[in-house]
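Trainee: predicted model and sequence follow; I will ask about them next.
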Amino acid sequence: MFIRRRRSGKTVSFADPPWNEDSPQWQELDQELAPDHLGRLVVASIEALDLSALYASYSGVGSKPYRPDLMLRIALIEIQRGRHSPTHWFQDTLENNVLRWAAFGIQPSRTCWHDFFDRAALCLEAWNHMVLNQAQERGLTTAERAAQDGSLVAANASRHRLLNQERLEKRLTQLDAALGMDPAAPPPQPAGALETVSDAVPGWMARTPTGRLGQRRRYVKAQDHLQELLSANARRNPAKRREPKKIVVSGSDPESVPNRDKEKVFRPLYNVQLLCDLDSPFILGYDVLARSSDAGTLEPMLERVSDLVGHKPRQLLADATYVTGADLALCHVAGVTLYGPWMENDFSGKAAKYLDKRQFTWLPEENAYRCPQGHRLTAIGKERRQHTDGRSEMHYRYRCAGALCRTCPLQTTCARNPTRGRSLRRSEYEDLIEAHKARMDTPEAKELYKLRKQTVELNYADFKEHRRLRRFWGRGVNRAQAQVGFAVLAHNLLALAHSPTPSENQLALIATSRENGP
């Protein structure tokens, strides 16, 4: 009998598995398993984890639970095979000999597997922290250089049942009417029969009082989320504002965000963020967010990496979505050098026929710009611009006198409206932006940026194609984050198991790089 002592001092007895290493059934399976099989690697790699918190989550009341370390073996093997749901784990445990070998023949029920997922989800961040700490202690990574990107993954919700404000309020009214007719303690009903209400209930409505109560809770949550979206839409620029009736939410997974995925399908989605090491196969940070854009995700990801690794990376590669004035200021304060293409605005391609702002000289002592013809663009005002991610940025406006522009030989290639004069905007982060553009023009930055597609983009391809992480099995952002956390844990554990022990010369080089910086 396997016994573990909880922090409170009480002991918890776990059920003995049907087999042990001396059992003929286990030995037969062990002989059939290749020495380098995935199952053996996972079983060996779990030794790197401290499972005390997982054991302590069991109260010791009721029937003896299965050993969680054996269940974790099955879960990680299944995740590497692209089987993420506890329901899959339940089915495969009954049929897959590798899983029977890894867990000594245990066969937990479906309910037991779902309960294990919820318990293990609370430990995922600590486990990933342990693995990354061991990788740094062994000299496998310095976690100083990384690449970040995001990808949209489908939520476990139908794309055909999205609700706008009018439809959602109508359904809530119908649900309230149906719940008013439900008795407090309904009598038993024959199989397949409705418990209450007539058989003419709408097809979208749950068939039992319990189901209708749960459905109403989700719809109320969806209503709150919809109000947030409508308020955000009302604050947008009128030119970019959407019709209120076109703003929709999912009734089954209210936290998800309906938008178009990579295949241009409009459906409920979650945004998966990964931050991957450039010098090793380890994933340094992960997160799942209920948003359709990568904008504004840099700061929370840097904080998560700091929690998992112990420090922020010194160099970070990202695409243009992450490179804004606010993000450059954030990285400057955090001591992070950000690499990524700069997009001045959403209409930069259309404005290419006019002189670029770089061709104007900034005169800080005069708070003015000088155009190529030597004319001054003086300050005429300022405005605070609101971004879609909730952040704002101060912009200062400068304009040249219309009389000068009308007689200028460059007026057709400089000013859209020479009568008013050429105007420019200057961000409060303009110095950081110009320094970033100059850095990205260097050959060293261009060569370094090539590593981005070799790291984070490959990991997304692996997760989606080989681990089949194209749709979440659970609902809600917490379950989605736990599913990604399991996948990252399996990935990092196998990376740790496959990594050779570095030589003394390699360890010395790593120590030198830490002292001298990038």
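Mentor: Perfect, I can see it now. Since the structure is predicted, the reported quantities are computational estimates derived from the model, not experimental observations.
Trainee: got the domain ranges for the chain?
Mentor: With domains defined by automatic domain parsing, the chain comprises 2-122, 162-251.
Trainee: deepest in the core, which of these is it.
Mentor: Highest mean neighbour count among those (mean count of other CB atoms under 10 Å): domain 2-122, with a mean of 16. (Each C-beta comes from the backbone N, C-alpha and C, glycine too.)
Trainee: for this protein, longest helix please?
Mentor: Looking only at the chain and at elements set by DSSP state H, the helix with the highest residue count is helix 209-235.
Trainee: for the stretch 151-300 of the chain, give me the ranges with low pLDDT.
Mentor: For the stretch 151-300 of the chain, applying pLDDT under 70 flags the ranges 184-200.
Trainee: what do you get for the stretch 1-150 of the chain?
Mentor: Counting by pLDDT under 70, the stretch 1-150 of the chain contains low-confidence ranges at 1-10.
Trainee: show me the helices in it, by range?
Mentor: Using DSSP state H, counting those that start in this stretch, the helices of the stretch 1-150 of the chain run over 24-32, 38-45, 52-56, 68-80, 86-93, 97-102, 110-121, 124-137.
Trainee: which residues touch the second one?
Mentor: For helix 38-45, contacts defined as CB atoms under 8 Å, 6 or more residues apart in numbering pick out 33-34, 73, 76-77, 80-81, 98-99, 101-102, 490, 493-494, 496-498.
Trainee: can we see that at 7 Å?
Mentor: Under the contact criterion CB atoms under 7 Å, 6 or more residues apart in numbering, helix 38-45 has outside partners 33, 73, 76-77, 80, 98, 101-102, 493-494, 496-497.
Trainee: and those, which is closest to V265?
Mentor: Closest approach between those and V265, by CB to CB: Q80, at 27.4 Å.
Trainee: residues in contact with the closest one?
Mentor: Residues near Q80 by CB under 7 Å, 6+ apart: 38, 490.
Trainee: any idea how far L99 is from it?
Mentor: According to CB to CB, to the nearest Å, Q80 and L99 sit 12 Å apart.
Trainee: next one: E243
Mentor: For E243, the distance to L99 equals 51 Å [CB to CB].
Trainee: check G325 too.
Mentor: Going from G325 to L99 by CB to CB gives 51 Å.
Trainee: for R470, same thing?
Mentor: R470 is 23 Å from L99, by CB to CB.
Trainee: and A482, by the same measure?
Mentor: From A482 across to L99, the span is 21 Å (CB to CB).
Trainee: same thing with F463?
Mentor: Plainly put, F463 is 22 Å away from L99 if you go by CB to CB.
Trainee: hang on, the earlier thing: dump the domains of the chain into CSV; add distance to C331 as well.
Mentor: Below are the domains of the chain laid out as CSV (distance: least, CB to CB, whole Å):
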stretch, distance to C331
domain 2-122, 31
domain 162-251, 26
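Trainee: what ranges of the stretch 301-450 of the chain fall below the confidence cut-off?
Mentor: Where the stretch 301-450 of the chain drops to pLDDT under 70, the residues are 344-352.
Trainee: please repeat the previous calculation with a cut-off of 50.
Mentor: Applying pLDDT under 50 to the stretch 301-450 of the chain flags the ranges 344-351.
Trainee: show me where it has strands.
Mentor: For the stretch 301-450 of the chain, the strands defined by DSSP state E, counting those that start in this stretch occupy 315-317, 337-339, 361-363, 368-370, 376-386, 392-400, 423-427.
Trainee: packed most tightly, which of those strands would that be?
Mentor: Most buried among the strands of the stretch 301-450 of the chain, given mean count of other CB under 10 Å as the contact rule, is strand 315-317, at a mean of 24.
Trainee: packing partners for that strand?
Mentor: Under the contact definition 3 or more CB pairs under 7 Å, 6 or more residues apart in numbering; DSSP states H and E, strand 315-317 sits against strand 145-154, strand 337-339.
Trainee: 10 Å instead, please
Mentor: Secondary-structure packing of strand 315-317 (3 or more CB pairs under 10 Å, 6 or more residues apart in numbering; DSSP states H and E): strand 145-154, strand 266-277, helix 298-309, helix 325-334, strand 337-339, helix 443-449.
Trainee: and L432, which of those is closest to it?
Mentor: Across those, closest to L432 is helix 325-334 (CB to CB), at 4.2 Å.
Trainee: how far away from the center of its chain is the closest one?
Mentor: Taking CA atoms, centre = their mean, to the nearest Å, one finds the center of helix 325-334 at 21 Å from the center of the full chain.
Trainee: what's the angle from that helix to helix 298-309?
Mentor: Interaxial angle of helix 325-334 relative to helix 298-309 (axes from the mean of the first three to the mean of the last three CA atoms, to 10 degrees): 30 degrees.
Trainee: tell me which residues in helix 325-334 are buried?
Mentor: Neighbour counts over helix 325-334 (16 or more other CB atoms under 10 Å) mark 325-332, 334 as buried.
Trainee: any chance of those in JSON lines, with distance to L404 too?
Mentor: Below are the buried residues of helix 325-334 laid out as JSON lines (distance: CB to CB, whole Å):
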{"residue": "G325", "distance to L404": "29"}
{"residue": "A326", "distance to L404": "34"}
{"residue": "D327", "distance to L404": "36"}
{"residue": "L328", "distance to L404": "33"}
{"residue": "A329", "distance to L404": "34"}
{"residue": "L330", "distance to L404": "39"}
{"residue": "C331", "distance to L404": "39"}
{"residue": "H332", "distance to L404": "36"}
{"residue": "A334", "distance to L404": "43"}
